[in-house]
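Colleague: Below are the sequence and a predicted model; questions follow.
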Amino acid sequence: MSATTSIRIDQTLYDQAKADAAAEHRTIAGQVEFWAKLGRAALDNPDLPVSFIAESLASMAEPREQATPFVPRSLGA
């Protein structure tokens, strides 16, 4: 179990996190954490599109039993 820390954020950012959290089925804290991870990954990988990073983070959070197995395309296609 990880420790938690309270922080102060702008009310507008909180409201945006609340709305996005509901749409993405996350807690508000989970949404802010997702944004922080996304921002950190985008800064660390400036050549990658943010949408690719966001999709990668979301897929990494999925339970493995729900993952779709990778099936490579045939070389002859």
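Modeller: On my side now, so go ahead. Numbers count the residues shown, from 1 in each chain.

Colleague: And for the longest helix seen in the chain, what's in contact with it?
Modeller: Secondary structure of the chain per DSSP state H: the longest helix is helix 28-44. For helix 28-44, contacts defined as CB atoms under 8 Å, 6 or more residues apart in numbering pick out 4, 9, 14, 17-18, 20-21, 24, 26, 48, 50, 53-54, 56-57. Glycine gets a C-beta too; all of them are placed from N, C-alpha and C.

Colleague: Drop anything exposed from the residues you listed.
Modeller: Buried members of the contacts of helix 28-44, scored by 16 or more other CB atoms under 10 Å, are 17, 21, 26, 53-54.

Colleague: Please flag which of those residues sit within helices.
Modeller: 17, 21, 53-54.

Colleague: if we can go back for a sec, which of the contacts of helix 28-44 sits closest to residue 73?
Modeller: Minimum distance to residue 73 across these is 20.1 Å, recorded for residue 56 (CB to CB).

Colleague: And the pLDDT at the closest one?
Modeller: We have a pLDDT of 90 for residue 56.

Colleague: secondary structure class for it?
Modeller: helix (DSSP: H, G, I helix; E, B strand; the rest coil).

Colleague: gap between the nearest residue to it once chain neighbours are set aside and residue 11?
Modeller: Distances taken as CB to CB, 6 or more residues apart in numbering place residue 41 nearest to residue 56, at 7.9 Å, with adjacent residues excluded. Taking CB to CB, to the nearest Å as the measure, residue 41 falls 26 Å from residue 11.

Colleague: Counting neighbours, go ahead and name the busier of those two.
Modeller: Per other CB atoms under 10 Å, whichever of residue 41 and residue 11 has more neighbours is residue 41, with 16 against 8.
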